[in-house]
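1. Sharing a model prediction with you, sequence too.
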Amino acid sequence: MTEQNDPITAYDERGREILIDRETWRRDVLPDNLAKVWNDPEALYQIILGAIRDKFAPDIQEAAERLSDIDSNPERAACIHAIALMEVQRYDEAQSRLDDFISRHGETGVVLTNLAKTFSFRGQEFLAQPLLRRALTLDPNQENALHWWMAIHEDQGGQEAMRTALLEIDAEPGSWRAKLELARLALKENDLGQALALYRKVLEIERHPDAFYMISGDLGQAGYIAEMVELIEPLYELEHHDIPCGLNLVRAYAALGRIEPERQLWRRLKALNLPGFDEVLAELEGLLLKPQPLTSAPEEAPQPIELSFPNVEGPIWTRGLADAAWLLDGRRSGIRVQMMPLTLAPPEMQMEPHEEIEDDEGRLSRAIPLFLADTLCFFTDAAADAGFPFVKDKGPAVTPAPWPLAEMLPGFGEGGADWLVLSGRMPTGKGFAARLEIDIWNGASGQLLTTVKQIARNGADQAALSLAEKVLAAVIETGLVAKCQPPAWYAPPTEDRISPWLLSLGQCLAQQFALNKMLPAEKLWNEHGIFETHFRLAEDNPDWVPPAILAVSSALAGLGYGSPVVGRYKKALEDLLKRHAGSFDPVDRLSPLAYLRLGDSGACQIARDRLSAIDSPSYRKWLEQVA
């Protein structure tokens with residue numbers, strides 16, 4: 001229940017929670033919301049209902065009267081008007097409003113329940129209770145009325161009196177909600193058989209969302225997970241039985257270790273794109289990738305781990321942009337430099353190969369090599385790539401053991417033209433002893449040329465900038481790579497930006513795995529957080545071009561692999577393009593592709609026409625291909 005001093009919670013188009021103080025909401029937001037829907041009875045009803053819930057009943061009296069004039073559902077209009085009046089203690093007027101409905105349309109269960117409340121609020125229980133009983137005869141499945149009826153009899157005679165009262169209502173034609181309450185009592189008495197029998201009867205009579213929610217919730221809380229799934233799973237349809245039961249099913253699947261149905265249902269729930277459920281869906285997302293063995297169970301035939309080695313050519317944030325080679329025009333003309341993911345610190349205990357959710361250490365073991373590849377790409381002539389050992393349908397592999405370079409990299413140590421390999425280790429040791437290490441190898445000879453070390457006492461992410469400077473100098477000192485100036489639009493992250501930038505690089509890599517169908521998209525962790533990180537970094541740093549390009553790449557990747565939440569960020573993408581329009585910077589130049597992927601052919605053509613005069617053969621060639 002909303003407290004009188006609680007702020008109002010709202011959500012913007014990206015699902016971000018916004019807290020607004022009550023006076024600002026009452027003075028500025030609520031009147032504007034009402035004005036927008038003054039002639040729309042469905043929307044007006046919802047706003048009135050929310051305002052009553054948030055304790056703004058004095059401010060919606062006129063709106064409740066307005067609904068009575070325009071609503072084609074007179075019962076709904078009469079009840080919400082009466083409730084609004086009762087909330088400001090105008091009980092006589094509320095009674096009059098309901099009496100007027102009855103005289104025009106006759107008695108209904110919900111109208112009689114509210115009429116009973118007008119008498120109860122005035123202390124006339126002797127009049128309220130017969131009306132309530134009559135209301136439950138007309139409609140025995142009113143939740144509020146049934147709970148009121150139960151409370152009256154429990155106060156009068158305890159649980160047995162309440163049970164008798166429930167049985168009385170259960171005898172009414174079409175009654176099913178009382179059976180749910182009787183089943184709840186049976187569960188409290190550890191009578192699972194009786195509870196299941198009642199639940200089956202309910203589902204034979206009615207498949208109301210409330211029934212699915214209450215059955216799944218009560219059985220789950222009582223610990224009867226398998227029984228709940230057996231009863232609910234064959235009948236549950238998300239489109240008809242609502243989200244809450246689906247959330248309970250996801251929890252049940254997780255408890256039973258049924259990862260695939262858990263993942264599929266979670267993704268369908270996420271695709272509904274309802275901001276109010278973001279927090280609980282994020283919680284459930286954490287259950288999706290509990291550590292799972294990668295090898296077969298002992299009783300199964302052994303299945304080898306299928307490992308591949310996908311390679312990212314150039315900056316990860318330039319991928320998925322229809323091969324926009326013009327972003328790196330004139331670069332990557334020198335020798336190949338192959339980045340390897342960093343190995344992890346040895347674990348405290350021996351572990352079998354297993355699958356688990358991506359953590360900060362694993363992400364940084366990939367993000368730091370991606371950042372080093374960026375540095376070499378923009379400050380040297382090297383063709384710097386980053387490769388990642390990958391388990392099919394599972395994700396990138398991490399290990400505390402050194403990578404077997406000769407086995408993983410064709411031609412390593414076999415002579416021929418020079419090329420470089422950079423491998424390394426995440427920080428070992430703690431505090432002042434913690435350090436990052438990067439080994440630089442000659443790929444042709446297999447010789448270790450040097451090892452770059454960087455103190456990482458404040459974390460690997462904070463050490464990455466200094467590490468990149470040392471690696472750049474060490475690579476140039478090999479004499480195999482030439483230093484060059486970056487393009488005018490490029491700038492590396494500053495110290496205060498390096499942590500979110502590394503986070504974004506790791507997230508962008510995961511998106512590209514999903515886009516290229518190497519990783520099931522439903523295995524991406526916290527997609528809402530991914531897009532929010534990328535767009536917020538671009539919005540908070542409007543003069544820094546790389547995160548804006550990354551945000552475009554991220555959104556287009558989400559559109560490509562069918563993200564259930566990317567729709568919230570379409571406007572953010574459009575706003576980003578508008579901010580850069582006319583600048584002729586890389587973000588502006590990407591706008592035809594972005595508008596095309598957004599389905600806005602008109603904006604795409606306008607951008608194409610405007611940008612077609614750019615004097616860059618590689619860009620014009622790319623632009624011609626964006627159709």
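-> Structure received.
2. C-alpha only now, for contacts and for neighbours.
-> Fine.
3. Could I get the contacting residues of A345?
-> Neighbour list for A345: P400, R425, M426, P427, T428 [criterion: CA atoms under 8 Å, 6 or more residues apart in numbering].
4. Secondary structure for the residues you listed - can I get that in TSV?
-> Listed next are the contacts of A345 as TSV, based on DSSP: H, G, I helix; E, B strand; the rest coil:
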residue	secondary structure
P400	coil
R425	strand
M426	strand
P427	strand
T428	strand
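5. Find the centremost residue of this protein, please.
-> The residue lying closest to the centre of the chain (CA atoms, centre = their mean) is H528, at 3.9 Å.
6. That one belongs to a helix, doesn't it?
-> Yes - with three-state DSSP as the criterion, H528 is located in a helix.
7. So it sits against V565, correct?
-> Yes - H528 lies in contact with V565 (CA atoms under 8 Å); the separation is 6.3 Å.
8. L269 touches N248, doesn't it?
-> No - between L269 and N248 there is no contact under CA under 8 Å: 11.5 Å.
9. More neighbours: which of the two?
-> The residue with more neighbours, out of L269 and N248, is N248; 25 against 21, by other CA atoms under 10 Å.
10. Would you map the helices across the stretch 251-400 of the chain?
-> For the stretch 251-400 of the chain, the helices defined by DSSP state H, counting those that start in this stretch occupy 259-271, 278-288, 360-379.
11. With just CA atoms, put the first one into CSV.
-> This means helix 259-271. Extracted C-alpha coordinates of helix 259-271, given in CSV (Å, rounded to 0.1, in the frame of the first residue of the first chain):
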residue,chain,number,x,y,z
ILE,A,259,17.2,-25.0,-17.8
GLU,A,260,15.8,-25.0,-21.4
PRO,A,261,12.1,-24.5,-20.5
GLU,A,262,13.2,-22.0,-17.9
ARG,A,263,15.2,-20.0,-20.5
GLN,A,264,12.4,-20.1,-23.1
LEU,A,265,9.7,-18.9,-20.8
TRP,A,266,11.9,-16.2,-19.3
ARG,A,267,12.6,-14.9,-22.7
ARG,A,268,8.9,-14.8,-23.6
LEU,A,269,8.2,-12.9,-20.4
LYS,A,270,11.0,-10.5,-21.1
ALA,A,271,9.7,-9.9,-24.6
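12. Show me which positions of that helix end up buried.
-> I259, E262, R263, L265, W266, R267, L269, K270 (16 or more other CA atoms under 10 Å).
13. Average pLDDT for that helix, rounded please.
-> Across helix 259-271, pLDDT averages out at 82.
14. tell me which strands and helices it is in contact with?
-> With contacts defined as 3 or more CA pairs under 8 Å, 6 or more residues apart in numbering; DSSP states H and E, helix 259-271 has these neighbours: helix 243-256, helix 278-288.
15. so how far is the last one from its chain's centroid?
-> With CA atoms, centre = their mean, to the nearest Å as the basis, the distance from the averaged C-alpha position of helix 278-288 to the chain average is 8 Å.
16. Can you say which of the contacts of A345 are buried?
-> R425, M426, P427.
17. which SSE is the closest residue in space to L598 that isn't next to it in sequence in?
-> Leaving aside its sequence neighbours, L598 sits nearest to K570 (CA to CA, 6 or more residues apart in numbering; 7.4 Å). Using DSSP states H and E, K570 sits in helix 570-580.
18. elements contacting the very next helix or strand once past that helix?
-> Once the chain leaves helix 570-580, the next helix or strand it forms, by DSSP H and E, is helix 586-597. With contacts defined as 3+ CA pairs under 8 Å, 6+ apart, helix 586-597 has these neighbours: helix 545-561, helix 570-580, helix 601-611.
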